[in-house]
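[1] give me a model of this one.
(one chain, ligands or ions: 2)
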Amino acid sequence: MAVYTQLSAETLAELIAEYDVGELVSAKGIAEGVSNSNWLIETSGSAANGKRFILTMYERRIELEDLPFFLDLLDHLAAHDCPVPRTIHDRSGASSRMLQGKAVALIEFLPGVSVDAPTPAQARSVGRVLAEMHATAMGFSGKRQNSLGPDVSAQVLADCPAQALAAIDPALPGVVEMARDVAQRWPDGLPRSIIHSDLFPDNVLMRGDNVSALIDFYFACNDAMAYDLAVTHAAWSFSSDGRDYRPDVGQALVEGYESTRLLEDDEREAMPLLAQGAALRFISSRAQDWIETPADALVTRKDPMDFVRRLEFYRREGKAVFGS
Ligand SMILES: Nc1ncnc2c1ncn2[C@@H]1O[C@H](COP(=O)(O)OP(=O)(O)O)[C@@H](O)[C@H]1O
Ligand SMILES: N[C@@H](CCOP(=O)(O)O)C(=O)O
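    Ligands and ions are numbered 1, 2, ... in the order given. Below you'll find the model as predicted:
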């Protein structure tokens with residue numbers, strides 16, 4: 001459950017009155033997600049903006065100065081027919097506001113469901129839409145560095161006390177050295193665009209086999225497109241605990257991507273290492289969250305070991321999986 005901040009009905013009604021969306025009818029806290037507080041907002045509606053919205057209060061891992069990048073990116077992609085929610089601007093034209101010392105934004109609600117066990121057909125659609133998003137994002141002028149690249153992941157893990165890592169799982173301290181090794185061998189010069197970098201099944205809404213929305217762009221940054229494909233591969237192609245690789249899903253995802261943009265030789269060659277880096281990115285943030293999240297927080301902690309199993313898989317099988 002991720003609602004870190006309680007907002008009264010009066011506060012929400014005052015906030016919603018700042019937008020041209022009609023009056024607040026209902027607000028329900030959304031259980032999914034771990035980073036931000038989210039509410040499903042229903043209003044009496046307006047011709048321009050409709051009746052259903054998502055209100056997000058930015059809580060963790062987001063720098064305020066990055067918000068215009070994330071929100072303008074959504075507007076750029078939506079304006080170019082990518083399936084992403086557009087932002088609703090307040091009456092002064094701003095896409096974010098401050099409330100009780102934290103930034104909030106209202107965005108369009110898009111229909112669809114997140115799948116738990118994707119089919120190959122769904123993975124194919126996601127791959128295709130990811131490549132289309134990369135192409136469209138090339139026209140966006142905003143810039144943001146990846147704040148969770150391989151060096152940072154390696155450092156985050158190295159900064160976790162070894163005992164705290166071992167308390168999560170005795171195998172976890174051994175990953176610190178692997179993270180350093182991957183960071184040292186990280187490839188330069190792969191083709192770049194703006195990447196989503198967290199495209200897990202819970203950040204994609206689907207209707208049947210089709211993608212209805214990509215959401216949660218709050219880790220988006222300028223980086224290698226093949227790394228984004230590697231993150232998506234790690235997130236979609238395994239059972240959630242990472243024990244079982246699902247080759248039909250992994251293959252369909254890459255084929256879907258390549259139906260829009262063929263990987264270059266150096267990208268294909270780099271995929272096994274990029275996938276290890278992707279696994280390490282989530283091992284490190286999950287381990288840090290596991291250690292730092294207060295026991296009474298209304299949030300379900302995610303197990304870093306789910307991605308240690310993926311890391312081991314990519315070290316062992318990466319070349320065979322990606323044909324590199
Ligand atoms: N634009 C949207 N349309 C419909 N549902 C959304 C939208 N944005 C978020 N949600 C819902 O809210 C949940 C949490 O949103 P998300 O942005 O992923 O939060 P977090 O950053 O905390 O992970 C999603 O899993 C989805 O159910
Ligand atoms: N996808 C990440 C968690 C990122 O958190 P989110 O709530 O912003 O999606 C993981 O699975 O570790």
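[2] could you say which helix or strand contains the residue lying closest to residue 58 once chain neighbours are set aside?
    In space, residue 58 comes closest to residue 103 once its chain neighbours are excluded; the distance is 4.7 Å by Cβ to Cβ, 6 or more residues apart in numbering. C-beta coordinates here come from the backbone N, C-alpha and C atoms, glycine included. Take DSSP states H and E as the rule and residue 103 turns out to sit in strand 102-108.
[3] helix or strand right after that strand?
    Going down the chain from strand 102-108, the next helix or strand is helix 120-137, by DSSP H and E.
[4] next one: that following helix to chain centre, how far?
    Taking Cα atoms, centre = their mean, to the nearest Å, one finds the center of helix 120-137 at 14 Å from the center of the full chain.
[5] for that helix, buried residues please.
    For helix 120-137, a neighbour-count test (16 or more other Cβ atoms under 10 Å) marks 120, 122-134, 136-137 as buried.
[6] again, but for stretch 75-90
    75-78, 82-90.
[7] and the closest residue to ligand 1 within the stretch 51-200 of the chain, what pLDDT?
    Residue of the stretch 51-200 of the chain nearest ligand 1, by Cβ to the nearest ligand atom: residue 85 (3.6 Å). pLDDT, residue 85: 98.
[8] and the one 5 residues further on, by the same measure?
    We note a pLDDT of 97 for residue 90 in this prediction.
[9] need the contact list for it.
    Applying Cβ atoms under 8 Å, 6 or more residues apart in numbering, one finds that residue 90 lies in contact with 18-19, 97, 106.
[10] before we move on, what about residue 28?
    39-40.
[11] quick one: residue 39 is in a helix?
    No: assignment of residue 39 by DSSP: H, G, I helix; E, B strand; the rest coil gives strand, placing it outside any helix.
[12] thought it was touching residue 27?
    Yes: checked against Cβ atoms under 8 Å, the pair residue 39 and residue 27 is within contact range at 4.7 Å.
[13] so what's in contact with the two at the same time?
    7, 12, 55.
[14] now the element after the helix or strand containing residue 222, going C-ward?
    Using DSSP H and E, the element containing residue 222 is strand 221-224. Later in the chain than strand 221-224, the nearest helix or strand by DSSP H and E is helix 225-236.
[15] just the buried residues of the next helix or strand after that next one, please?
    For helix 225-236, the succeeding helix or strand toward the C-terminus, using DSSP H and E, is helix 247-258. For helix 247-258, a neighbour-count test (16+ other Cβ under 10 Å) marks 249-254, 256-257 as buried.
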